[in-house]
Every structure is written in structure tokens, then in C-alpha cells.
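> The following comprises the amino acid sequence and a computationally predicted model.
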Amino acid sequence: MSAFEEQARTLGVSNRVRFHGFESTPPRAYHAADVFVYPSDYDAFGLVVAEAMAAALPVIAGDRIGAAEWITHQQNGLLCQAHDAASLRRQLDWLRADPIRARELGRAARAAAAQHTWDACADATAAVYEQVLTTRAKG
């Protein structure tokens, strides 16, 4: 039994949590889930959040990670404060209160993720570099 499985048993939630181990096809895992929760307090971006959004999952993410920039709270995802169980609980309760709203949130997440293609991200990065070079040339 892993440490996480032991913790789930100790907390009395082992009947509500599944530990599947390594998944060689992440889309399959995303499509099997009801919600994606990533309450991290730091991640320069959080590609897993983008992947979950692309899979049309309702996403709850830490409000300080890079991928939080893609989320408009209660429109295409939910933001929580890392290390604040009450904050995470409020977001989970918000989703659970209305399953239709949760599905709509997932669809909106997918639409938001679709706007961030590799080409769009490369263009945005190039624009930042151009702005820096222009500012330096003036300064």
C-alpha cells in the first residue's frame, strides 16, 4: 500500500478515491475523471491544467500557478488558494451544486484551451521579445 493510499484509508475516504498508477494514455485518464483538481501554490505553467481543460474537464487550479492566467473564475474554470482546504472545498461545492453548470464549465475550459495553440503561444512569446528589444533600443 502506498503512502497516499494509506493516507486515504486513515482519513476514511479510501472508498471515494482510486489510485490507478501510471497511465500511458493521459487523455483516457482525463476522460474518466469528473473534475481535475490542481491546488498547487507554484508551477511556472502547469501543462496538466491545459491538458485537462482541453479534455473539457471542469478544472480547479491554484490561483498562483502560470496556467491560472488561462482561467476566468467561474467562467472556464475555478481558482482556489493553495494550502487552504476551505478554499478548495468551496470550489468543489460550487461544482457539486449544479452538475449542468459543471459540464458547461468544462466546455468553456475546452474552448479556452483551444485558443492557446502552439502557434499562438509562439506568436505571443515573440511579441514579448520584440517589445523588450524595442524598449532596449529606445533606452
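That came through fine.
> what sits against the residue sitting nearest the centre point of the chain?
Nearest residue to the geometric centre of the chain (C-alpha atoms, centre = their mean): Val49, 3.2 Å. Counting by C-beta atoms under 8 Å, 6 or more residues apart in numbering, Val49 touches Phe36, Tyr38, Val59, Ala61, Ile65, Ala67, Trp70, Ile71. All C-beta atoms are positioned from the backbone trio N, CA, C, and that covers glycine.
> In which helix or strand does the nearest residue to the fifth one once chain neighbours are set aside reside?
To tie it back to what came earlier, the one meant is Ile65. Counting by C-beta to C-beta, 6 or more residues apart in numbering, Ile65 lies nearest to Asp43, which is 4.2 Å off, once chain neighbours are set aside. Asp43 is part of no helix or strand when elements are defined by DSSP states H and E.
> Cross-check the contact I'm expecting between Asp43 and Glu69.
No - taking contacts as C-beta atoms under 8 Å, Asp43 lies outside contact range of Glu69: 11.7 Å.
> Buried residues, the lowest-mean-pLDDT helix or strand in the chain. List them.
Ranked by mean pLDDT, DSSP states H and E, the weakest helix or strand in the chain is helix 26-32, scoring a mean of 88. Across helix 26-32, burial judged by 16 or more other C-beta atoms under 10 Å covers Ala29, Tyr30.
> Check stretch 56-70 too.
Here stretch 56-70 shows Ala56, Leu57, Pro58, Val59, Ile60, Ala61, Gly62, Asp63, Ile65, Ala67, Ala68, Trp70 as buried, counting by 16+ other C-beta under 10 Å.
> farthest-separated two in the residues you listed?
Distances among these were taken as C-beta to C-beta; the most separated pair is Ala56 and Asp63, at 21.6 Å.
> one step back: tell me which of the buried residues of stretch 56-70 is nearest to Ser24?
Leu57 (19.0 Å).
> What residues does the closest one make contact with?
Taking C-beta under 8 Å, 6+ apart, we find Leu57 in contact with Tyr30, Ala33, Asp34, Val35, Phe36, Gly106, Ala109.
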